[in-house]
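Student: below are the sequence and a predicted model for it; my questions follow.
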Amino acid sequence: MQIIKVDSSNKHVYMNLAQAYEAEFSKIMQKKPDEDGLFPLDTQIDGNVSGYLLYVDGVPAGHTAIANETPDRHEVCDFYVVPYFRKNKVGKRFISQVFNNLGGSWEIKQVAGAEHAVKFWRDVLSDYTSDNDIAGGYVEDSYDDEQWGVVTRQRFSHD
């Protein structure tokens, strides 16, 4: 497993995986592709948003987009693992390494209807906060997000 930050040399790989991510959530988000078969992206890699690619045995296996409100405050905007690689806790190891590398405080949101995502994040955060002695673990609530409506939100901090 290798994690690489998105830059101009690999942004096309990120954009290809982002289309798969958007397609997976298209029913929940009521999105359909445009006349070229492309989905509009909700999260762009620019400004305070960084992208990371996951490679398994040299093959692009997933991506994540992380917004950095400040150097110590992060939000997971997008997270995707190609279905073929959704085994052996690859996604959990991927995001755990990103959490470790960036440190600080974190916020993760799941839109209404994405129960599989809520289950995934609860599992990841329960193990991560326990394994890394995060005081108080993680907190979860329902939050009325101006972009997404009511979401399930988890937060934790390395502090």
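Tutor: Received it, and whenever you're ready, just let me know what you need.

Student: dump the helix or strand of the chain with the lowest mean pLDDT to CSV, restricted to CA.
Tutor: Of all regular secondary-structure elements in the chain, judged by mean pLDDT, DSSP states H and E, the least confident is helix 26-29 with a mean of 87. As requested, C-alpha coordinates have been extracted for helix 26-29 and formatted as CSV (Å, rounded to 0.1, in the frame of the first residue of the first chain):
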residue,chain,number,x,y,z
SER,A,26,-25.2,9.2,-7.9
LYS,A,27,-28.5,7.6,-6.7
ILE,A,28,-28.2,9.0,-3.2
MET,A,29,-27.2,12.5,-4.5
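
Student: quick one: contacts of that helix?
Tutor: With contact meaning C-beta atoms under 8 Å, 6 or more residues apart in numbering, helix 26-29 is reached by 22, 32-33, 39, 42, 111-114. From N, CA and C alone the C-beta is placed, and that goes for glycine too.

Student: again, but for stretch 43-57
Tutor: Among residues not part of stretch 43-57, those counted as contacts by C-beta under 8 Å, 6+ apart are 1-6, 10-11, 13-14, 17-18, 60-69, 77-78, 81, 85, 90, 94, 98.

Student: this structure: helices as residue ranges?
Tutor: 11-24, 26-29, 90-102, 115-131 (DSSP state H).

Student: tilt between the last one and helix 90-102?
Tutor: Computed by axes from the mean of the first three to the mean of the last three C-alpha atoms, to 10 degrees, the angle separating helix 115-131 from helix 90-102 equals 50 degrees.

Student: angle of helix 115-131 against helix 11-24?
Tutor: Using the same axes, to 10 degrees, one finds that helix 115-131 and helix 11-24 are set 120 degrees apart in direction.
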